[in-house]
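Colleague: how would this look folded up:
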Amino acid sequence: MKILALDLGTSSVRGLVLDADARPLPGALARRRVVLTAQDDGTGTLDAGNYLACLTECLDELSQQGRLGGVELVAISAQWHSVLPLGPDEEPLGPVLTWLDTRPEPPATQAGPADPDAYHQRTGTWWHRCYWSARLPWLRAQIGSPPARFVGLVEYVLGRLLTDAPMSVSQASGTGLLNLRTLDWDAEACALADVRGTDLPELAPPGWYGRLGAESARRWPDLARARWAAPVGDGAASNVGSGCVDHTRVAVTVGTSSAVRLLQRMPAGAELPPLPQRLWRYRVDHDHVVTGAAYSSGGNLFAWADRTLRLPSGEALDAALAALPPHGGRPANVGFGGDRPPGRRRAGSGELRGLGFGTSAVEMLAGLMRGVCEQVVDDLAALESTVGQPVEVILGGGAMAASRWWRRTFATVLAPRTVCFGRYPEIGATGAALVACGRIADAAMMADIGRTDDQPSPTTA
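Modeller: Next up, the predicted model:
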């Protein structure tokens, strides 16, 4: 058996073909960059039609190369929190709001949850602009035509390819409208969002699998009989791909953004343990949850610095960073993209301080990169408080694979904890594949974990 793993991210769409053990097959990777519209007013949007085109181009490329033969299962890692209003004809009424968009705010005339702590414990979220409880009323006020319903980006693109595309409990938990214990839409959250059941996607039951529609099956005949597993939120998939699947290991992932997360087994219907006020909690599937914190700054901060500060590249940049003394960077506030929940800072809150005419671009970059490391510390301590012991930290994601200096800095900032490095960068895709195969428990054994100064494994490109 072969597995097709799709990673539907914020900055790119990727398709990888894996073997039955979720190991990547050499050369079986297709990737398309997507255009994210990000502005200082808080805009963070994607074009749904262009995004669907990127996905179909990846599938076309793999098909033309003969890579899809023998694929029996399709696994999907997809970004959390996105929302797209659809009209009666199922066409988008505007762009996709991504997690990066900080414009929505709860209506000033509306009261929030009756008991904010109970709401947080039930949904794992807050009444915050990142979640549909605040986003849907804001969207209604922005668009000219009343929406027929709302979907996430992954439900939109799969709805164009499959016979049906219900929302997985993992994706639903990222909306902030799901009761994490009962796995039904939360009545109070839906009231805040002013939605009824028909306004929201159908929820996928346990064991759901999708199939390609007739037109898609003609286009990709090798996938005509493949089962499509319910999508997994990208953060949850990354934890599994990093081998962080119990209370002893926490994943610190840096891709476009960054996050710190702990995965635990908590079946549907079971009473959930208390959730610290500063942390969120989402579903991985019907049997597992992931608890943690996320930040708007990560690899996107490096990308901004790279195009703005005229940095050296490749080995020259590595050498320049390595030559800096400890704490050699400039003080920085990394709120360029604003805060993820529960924070409230808007986009455009970033700062660099202590600059002089002798300050180098590399010193500014080092301050920004260290700032990304330091934002994790307090939330990591809050996660450790939930398990009553120190944890091992596994660094992962594309940005971690690209920078040995950044990995070493994380190890310094998070000391005295043991900090290791997941060398394979495609952790989201492989994690989604292991979830789809029901092999979450095997992930710790299968992860490629080494020292922070190790070179990453070669990519499948």
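
Colleague: what about this structure, any weak spots by pLDDT?
Modeller: 456-461 (pLDDT under 70).

Colleague: Let's see that with 80 instead.
Modeller: The chain contains residues with pLDDT under 80 at 197, 326, 455-461.

Colleague: biggest strand in it by residues?
Modeller: What stands out as the longest strand in the chain, according to DSSP state E, is strand 24-33.

Colleague: Can you name the element that comes right after that one?
Modeller: Per DSSP states H and E, the first helix or strand lying C-terminal to strand 24-33 is strand 37-38.

Colleague: after that next one comes which helix or strand?
Modeller: strand 44-46.

Colleague: That next one - contacts with which helices or strands?
Modeller: strand 37-38, strand 96-97 (3 or more Cβ pairs under 8 Å, 6 or more residues apart in numbering; DSSP states H and E). No exception for glycine: its C-beta is placed from N, CA and C like everyone else's.

Colleague: highest average neighbour count across those strands?
Modeller: strand 96-97 (a mean of 26; mean count of other Cβ atoms under 10 Å).

Colleague: If you count neighbours, what's buried in the helix or strand following that strand?
Modeller: Next along the chain after strand 96-97, taking DSSP H and E as the criterion, comes helix 116-123. The neighbour-count check on helix 116-123 (16 or more other Cβ atoms under 10 Å) flags 119-123 as buried.

Colleague: got the angle for the following helix or strand past helix 116-123 vs helix 116-123?
Modeller: Sequence-wise, the next helix or strand downstream of helix 116-123 (DSSP H and E) is helix 132-142. Compare the direction of helix 132-142 with that of helix 116-123 by axes from the mean of the first three to the mean of the last three Cα atoms, to 10 degrees and you get 100 degrees.

Colleague: Past helix 132-142, which element shows up next along the chain?
Modeller: From helix 132-142, the next helix or strand downstream (DSSP H and E) is strand 149-151.

Colleague: Find out how far that following strand is from the centre of the chain, if you would.
Modeller: When C-alpha coordinates are averaged (Cα atoms, centre = their mean, to the nearest Å), strand 149-151 and its chain have centres 20 Å apart.

Colleague: Name the surrounding residues that touch the longest strand of the chain.
Modeller: Under the contact criterion Cβ atoms under 8 Å, 6 or more residues apart in numbering, strand 24-33 has outside partners 2, 11-19, 54-55, 57-59, 61-62, 65, 67, 424, 426, 430, 459-461.

Colleague: if we can go back for a sec, select, out of the helices and strands packed on strand 44-46, the one closest to Gly298.
Modeller: strand 37-38 (13.5 Å; Cβ to Cβ).

Colleague: Give me the helices and strands touching that closest one, please.
Modeller: strand 44-46.

Colleague: can you give me how far the strand it packs on is from the chain middle?
Modeller: Distance, stretch centre to chain centre, for strand 44-46: 15 Å (Cα atoms, centre = their mean).

Colleague: again with stretch 95-104
Modeller: Its chain's C-alpha centre and that of stretch 95-104 lie 14 Å apart, by Cα atoms, centre = their mean.
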